[in-house]
Each structure stands twice: as C-alpha cells, then as structure tokens.
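Asks: With the sequence up front, the predicted model follows.
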Amino acid sequence: PPDGGVKGQKSYPVTRTKSEAIRLAEAYAKDIEAGEITFRNLAWRVSDDKGSYKVFGDLGVRKPDELESSFGAAGFALKPQEISAPFETAHGIHIVYRDD
C-alpha cells in the first residue's frame with residue numbers, strides 16, 4: 001500500500017512519538033494495577049485504535065496465531081488479571097490485559 005501499511009489493514013495517523021507512547025502505556029498500566037481505572041474504561045477513553053476502543057479494548061477469545069506475533073506472545077504470557085508491559089507491533093505501542 002502507498003501508506004506503508006500492511007495490505008488489507010487500516011492505518012491510523014501517528015499521534016505521538018514512540019517514546020511518548022511507551023511512557024503513556026507504562027503510566028496507564030500503573031493506573032490499572034493501582035485500581036485507579038479499569039482496562040476497559042481506559043481503552044474506551046484513550047485508545048487510538050478506532051476499532052477496539054468501541055468494544056472497550058476487548059479482542060474476544062483468540063488463539064495466539066490469530067494475532068500479530070508480538071501481540072499474541074504478550075497476551076498469552078499473562079496470567080488472569082495481569083497486564084503486560086508495553087510492547088510494539090506494526091500498529092504502535094500496546095498494553096494487554098488478560099481477563100480470565
């Protein structure tokens with residue numbers, strides 16, 4: 001694709017630098033761990049992903065091979081009720097929370 005994205009995937013405008021995104025993700029993870037906000041509420045309020053924010057960051061039940069490799073690795077390494085450290089994919093910086 002002309003925008004440098006992956007064919008068939010939507011791209012979104014860059015809204016911050018990588019280092020800013022990592023700092024924000026770290027702060028958000030701390031807020032979740034401290035019980036100051038839920039992952040669902042945070043995803044709805046601040047996610048740049050125009051698809052998953054509408055469902056409060058819920059990606060549903062997935063298999064590791066259904067997600068980008070770093071996303072699957074981060075998510076499936078978590079125990080229930082854990083949040084990941086920030087990690088990078090082709091779409092940006094993310095944190096993942098495992099519900100069950």
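Replies: Done, it's in.

Asks: how about low-confidence regions in the chain?
Replies: 1-14, 53-64, 66-68, 71-72 (pLDDT under 70).

Asks: let's go with 50 and repeat that
Replies: 1-10 (pLDDT under 50).

Asks: Please work out which residues outside the top helix by length along it touch it.
Replies: Using DSSP state H to define each element, the chain has its longest helix at helix 18-33. Here helix 18-33 makes contact (C-beta atoms under 8 Å, 6 or more residues apart in numbering) with 16, 37-39, 42, 46, 83-86, 88, 92-95, 97. In this view, the C-beta of every residue, glycine as well, is placed from N, C-alpha and C.

Asks: Quick one: the strands in the protein, in order.
Replies: Ranges of strands within the chain are 87-89, 92-94, based on DSSP state E.

Asks: What residues does residue 96 make contact with?
Replies: 71, 74, 75, 78, 83, 84, 87.

Asks: Of these, just say which sits nearest to residue 50.
Replies: Within those, proximity to residue 50 (C-beta to C-beta) peaks at residue 71, which comes in at 16.9 Å.

Asks: Dump the strands of the chain to a markdown table, plus mean neighbour count and distance to residue 27.
Replies: Shown next, in a markdown table, are the strands of the chain (neighbours: other C-beta atoms under 10 Å; distance: least, C-beta to C-beta, whole Å):
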| stretch | mean neighbour count | distance to residue 27 |
| --- | --- | --- |
| strand 87-89 | 15 | 15 |
| strand 92-94 | 19 | 12 |
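
Asks: Format these as TSV; extra columns: distance to residue 32.
Replies: Putting the strands of the chain into TSV (distance: least, C-beta to C-beta, whole Å) gives the following:
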stretch	distance to residue 32
strand 87-89	15
strand 92-94	13
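
Asks: thinking again about what came up before, so which two of the contacts of helix 18-33 are the farthest from each other?
Replies: 38 and 88 (23.8 Å).

Asks: Let me have the contacts of residue 96 in a markdown table, extended by distance to residue 31.
Replies: Shown next, in a markdown table, are these (distance: C-beta to C-beta, whole Å):
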| residue | distance to residue 31 |
| --- | --- |
| 71 | 21 |
| 74 | 18 |
| 75 | 19 |
| 78 | 17 |
| 83 | 10 |
| 84 | 14 |
| 87 | 18 |
